[in-house]
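>>> Sequence first, predicted coordinates after that:
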There are 2 protein chains.
Amino acid sequence: MKKIYLEESEIPKAWYNVKADMPKLPPPLIMADTLKEPPIEMLQRLFAKELVEQELSTDRFIDIPEKVRNMYSIYRPSPLIRANFLEEKLGLKSKLYFKYEGVSPSGSHKSNSAIPQAYYNKQIGINRLTTETGAGQWGSALSMACKVFGLECVIYMVKVSFEQKPYRKILMQTNGATVFASPSRNTKNGIALSEKYPNTTGSLAMAISEAVEDALSHENSRYALGSVLSHVVIHQTVLGIEAKKQLEKIGQYPDIICGCVGGGSSFGGLVFPFIPDKLNGKNIDIIAVEPKACPTLTKGKYAYDYGDASNMTPLIPMYTLGNNFKPSPIHSGGLRYHGSGAELSRLVKDGMIEAVALSQKDVFEAAIQFIQTEGIVPAPESSHGIAQAIFEAKKADREGKPKTILCSLTGHGHFDMSSYENYLTGNMVDTCPTDDEIEDSLKYLPEAPELD
Amino acid sequence: MKKIYLEESEIPKAWYNVKADMPKLPPPLIMADTLKEPPIEMLQRLFAKELVEQELSTDRFIDIPEKVRNMYSIYRPSPLIRANFLEEKLGLKSKLYFKYEGVSPSGSHKSNSAIPQAYYNKQIGINRLTTETGAGQWGSALSMACKVFGLECVIYMVKVSFEQKPYRKILMQTNGATVFASPSRNTKNGIALSEKYPNTTGSLAMAISEAVEDALSHENSRYALGSVLSHVVIHQTVLGIEAKKQLEKIGQYPDIICGCVGGGSSFGGLVFPFIPDKLNGKNIDIIAVEPKACPTLTKGKYAYDYGDASNMTPLIPMYTLGNNFKPSPIHSGGLRYHGSGAELSRLVKDGMIEAVALSQKDVFEAAIQFIQTEGIVPAPESSHGIAQAIFEAKKADREGKPKTILCSLTGHGHFDMSSYENYLTGNMVDTCPTDDEIEDSLKYLPEAPELD
């Protein structure tokens, strides 16, 4: 079967929270000045009450509100796709399954968290959400969710993506959002960052600083984050819950699960629902794939660090390259983040999840193979997973042990065609940080308890 | 239910040919010089033998080859979507169902014919296909189909679209196609047309002239057309066959069917499978929707005319604005064609199908409503159908007789965001031909028998 669908009634009724099952929990968020957990009031000034509760929860399941499931029905359950044409072309015996989120309004998995975030904020009378966006997937998703639930939406878009991906900006505008190139002149943080780094092409960390400041300086406003935090990953677990059921329907179970990692929400969303099985002895290799240009999990340090560039957020226990790390302007804007979510980082640290880093060119080569066989244009971010899935399949075949591989296909690349042009015309440059540059960036980590 | 799916096994096993059921058949294609039907050898120099047979066939059903069904499985059966969020927003009692083809590799219905055309050509050893493309949907579809079946693909893209939609061009290139802006310097026709109309932004008719010349001047090459001709419409009937079955599953039957019309292949594909029911007394209103800028069915003449701008093709019995008609460069590139398919034209002439024309601004207003409720960005072409469906629903509600409306949603608009920007920034201009201009253009129709 080429595509495995579920019925609308099979849209999950609850999200999964991996914290309920982790052998070792990540340490809590702390404030840089007090080294204590952030006061609830402070978190609730940033996020809707319900989202703060989810952030701190260790409950295994969290009910999905009926109105959220209703909006999910626009695109969920999303298809699981057997990439049999790609397998044939490559002569593979291993099986490749992709959980495809490109069918959503934003063209990516980001709608899975945008919808509940807009919903919970609307519930408590908030009328305006601010956010950052890298490649624009998160901004697209939030603008649509805000439009549907009747909230104003203000978006700080990383400057390099704002310029590389003008169509993404227009998509947000069709949903009535206001979009600024970040760093902008619209916030004190934006102005300060522009002065400090006059030639900057922006970063997610900078855009977060602007969006947080904007939310805090407007009444009845809240901030919305598209990745990293626990509540965002929790929302994304619809991926893994559905994928598991879809594979079950055809009598399959994955030997390997892989996918791209930026902040880690799509990845956590896909793999966390399989963690209990792994803890119960199932033999699954779980592989996080990041770009060599921003090698957080493979070359970063496991430490407390700020989530943004202007030291506005609490400290997060995570793998980090330092919040001043400036990733080169690669085409996977969604993966240009200096850190990774706390649960993912802890599970990598504890050896439950493996991490690898790939070059842009290898990633685009895999993407072109995918387009020419499966007909779907993958986002550059998603293509990291595709490249790794192909690599793992070939390796398994070589070893005479074909495997079943599950991979996230987090979104389509219809708004990333300039990146494909760049690759096709031979103009793609792979710029990776040296070990010295990373070491230098890590010097500026905040004073905080060491993590082990 | 939000989305109505069919099983993979329910991909149609045969296409439907409306000629088997038409009360009055369209007259045959004829040659301008002899006024006789074109010799088979001539047609077979242009199209694969099997396609020529389909073109001339009056058989009711034509088997879909297994390899074509296999490739169809990448995206077929396509979903039927209940636009309940749009209905709610507009407070409608009428029901809106959209047959959504944006899930295909090309992002539109065009893959339905590109796949069999590439397949039949490959079968007889052809190794190169040439074609024209307007908005780029057909070119994207054919490039993917050629890549999969191992054919070279050469595309003449209407200049205004080539410039407005650069991402479409890159999509074709990722599938290995060669793309020229038309009129180009690559063919004698292109050079002559450029000299005759130095400021031209191109037209489908010009691009057809170039692609036909290119095919005829290269050995082992054939030409592929994306609309108008009978065999293309036949391939598109998978739309209507599937939609009928999907509505049946939920106990519905359409009172009204509508959709956009350029050459008429997606429209014929959706509505023709309902024609037998209409002939058997079912009360269905069938409405073809075209742009006011290119009002073929509403203001054209039913007459024999060339399919291209350089008088290379046989004469087609159809509604036409004259093959020298220069539609203004509106954003629905796929609807900028001077004629319409022979069967569709005949059925309009005989009052079985009604035709209406809409302005660009009304169309984009409907598109924005659709995006903000249903989360899908429709192609500007498809949005003509959406606008009409909303109009019909409101009218039916006003009359106190809510209806079930089936409409084609032929593709997504991810490559048309510059058109949305144009609309959102208030820069959209609606240029429509005057009756005098149309009359003038019709003066140059070829000498041929009158049609009635």
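Here it is on my side, so go on. This is a predicted model, so every value here is computed, not measured.
>>> Stretch A:73-88 near chain B at all?
Yes: using Cβ under 8 Å from any Cβ of the partner chain, we find that stretch A:73-88 touches chain B at A:S73, A:I74, A:Y75, A:F85. For every residue, glycine as well, the C-beta is placed using N, CA and C.
>>> So which bits of that stretch are buried?
A:73-87 (16 or more other Cβ atoms under 10 Å in any protein chain shown).
>>> in which helix or strand would I find the nearest residue to A:V52 once chain neighbours are set aside?
Nearest non-adjacent residue to A:V52, counting by Cβ to Cβ, 6 or more residues apart in numbering or on different chains: A:L43, 4.6 Å away. Using DSSP states H and E, A:L43 sits in helix A:40-46.
>>> Show me where the stretch 301-450 of chain A has its helices.
Counting by DSSP state H, counting those that start in this stretch, the stretch 301-450 of chain A has helices at residues A:342-349, A:360-374, A:380-398, A:417-424, A:435-442.
>>> could you dump those helices to CSV with distance to chain B?
Output for the helices of the stretch 301-450 of chain A, formatted as CSV (distance: least, Cβ to the nearest Cβ, whole Å):
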stretch, distance to chain B
helix A:342-349, 28
helix A:360-374, 5
helix A:380-398, 12
helix A:417-424, 4
helix A:435-442, 32
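>>> can you list the ones you listed in TSV and add distance to A:T174, mean neighbour count and mean pLDDT?
Compiled in TSV, these are given as follows (distance: least, Cβ to Cβ, whole Å; neighbours: other Cβ atoms under 10 Å in any protein chain shown; pLDDT from 0 to 100):
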stretch	distance to A:T174	mean neighbour count	mean pLDDT
helix A:342-349	33	24	98
helix A:360-374	26	22	97
helix A:380-398	22	24	98
helix A:417-424	18	20	94
helix A:435-442	38	14	96
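>>> just so I know, which of these lies nearest A:G134?
Evaluated over the helices of the stretch 301-450 of chain A, closeness to A:G134 peaks at helix A:380-398, with 9.0 Å, by Cβ to Cβ.
>>> Please find the angle between the direction vectors of the closest one and helix A:360-374.
Helix A:380-398 and helix A:360-374 are oriented at 80 degrees to each other (axes from the mean of the first three to the mean of the last three Cα atoms, to 10 degrees).
>>> Where does the stretch 51-200 of chain A get nearest to chain B, residue-wise?
Per Cβ to the nearest Cβ, A:P105 is where the stretch 51-200 of chain A lies closest to chain B, at 2.9 Å.
>>> Just list the residues touching that residue, thanks.
A:I74, A:Y75, A:S111, A:S140, A:A141, A:M144, B:G375, B:I376 (Cβ atoms under 8 Å, 6 or more residues apart in numbering or on different chains).
>>> ok, whichever strand or helix holds the fifth one near chain B or not?
Read that as A:A141. According to DSSP H and E, A:A141 maps onto helix A:137-149. Yes: applying Cβ under 8 Å from any Cβ, one finds helix A:137-149 in contact with chain B at A:M144, A:K147, A:V148.
>>> Buried ones among these?
Of the residues of helix A:137-149 next to chain B, these count as buried by 16+ other Cβ under 10 Å: A:M144, A:K147, A:V148.
>>> hang on, the earlier thing: between the contacts of A:P105, which is closest to B:A20?
B:I376 (34.4 Å).
>>> My read is that that closest one contacts B:G102, right?
Yes: using Cβ atoms under 8 Å, B:I376 makes contact with B:G102 at a distance of 6.8 Å.
>>> Mind listing the shared neighbours of these two?
Counting by Cβ under 8 Å, 6+ apart, the residues touching both B:I376 and B:G102 are B:L409, B:H412.
>>> now the helices for the stretch 1-150 of chain A?
A:40-46, A:49-56, A:66-72, A:84-90, A:111-123, A:137-149.
>>> Could you dump these into a markdown table with distance to B:F47 and mean pLDDT added?
Output for the helices of the stretch 1-150 of chain A, formatted as a markdown table (distance: least, Cβ to Cβ, whole Å; pLDDT from 0 to 100):
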| stretch | distance to B:F47 | mean pLDDT |
| --- | --- | --- |
| helix A:40-46 | 63 | 96 |
| helix A:49-56 | 59 | 98 |
| helix A:66-72 | 45 | 98 |
| helix A:84-90 | 26 | 98 |
| helix A:111-123 | 43 | 98 |
| helix A:137-149 | 41 | 97 |
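>>> Highest mean neighbour count out of those helices?
Most buried of the helices of the stretch 1-150 of chain A, by mean neighbour count (mean count of other Cβ atoms under 10 Å in any protein chain shown): helix A:137-149, with a mean of 29.
>>> Now do that helix against helix B:360-374, angle only.
Using the same axes, to 10 degrees: helix A:137-149 against helix B:360-374 is 90 degrees.
>>> By proximity to chain B, which residue of the stretch 301-450 of chain A wins?
A:G375 (2.9 Å).
>>> distance of A:A367 from A:V377?
Per Cβ to Cβ, to the nearest Å, A:A367 is found 8 Å from A:V377.
>>> got it, and A:I405?
21 Å.
>>> Looking at those two now, which is surrounded by more residues?
A:V377 (30 against 27; other Cβ atoms under 10 Å in any protein chain shown).
>>> Nearest spatial neighbour of that one, chain-adjacent residues omitted?
Using Cβ to Cβ, 6+ apart, the closest residue to A:V377 is A:G413 (4.5 Å).
>>> show me what contacts the one you found?
A:A367, A:V377, A:P378, A:A379, A:P380, A:S382, A:S383, A:S419, A:Y420.
>>> Wait, the last one touches B:K169, no?
No: assessed by Cβ under 8 Å, A:Y420 is found out of contact with B:K169, at 10.7 Å.
>>> Show the pLDDT at A:F267.
For A:F267, the pLDDT comes out at 98.
>>> and it, what element?
Residue-wise, A:F267 maps onto helix A:265-271 under DSSP H and E.
>>> List of residues touching stretch A:73-80?
A:3-8, A:10-11, A:97-101, A:103-105, A:111-112, A:238-239, A:242-243, A:246-247, B:2-3, B:85, B:374-375.
>>> Give the PyMOL command for selecting the buried subset of those residues.
In PyMOL, a selection of the buried entries from those looks like this (16+ other Cβ under 10 Å):
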select buried, (chain A and resi 3+4+5+6+8+11+97+98+99+100+101+103+104+105+111+112+238+239+242+243+246+247) or (chain B and resi 2+3+85+374+375)
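>>> related to what we said a few turns ago, which other residues reach the helix holding A:F267?
Outside helix A:265-271, the residues touching it (Cβ under 8 Å, 6+ apart) are A:18, A:99, A:101, A:108-109, A:112-113, A:226-228, A:232-233, A:235-240, A:243, A:257, A:259-261, A:286, A:288, A:341, A:343-344, A:353, A:406, A:408, A:410.
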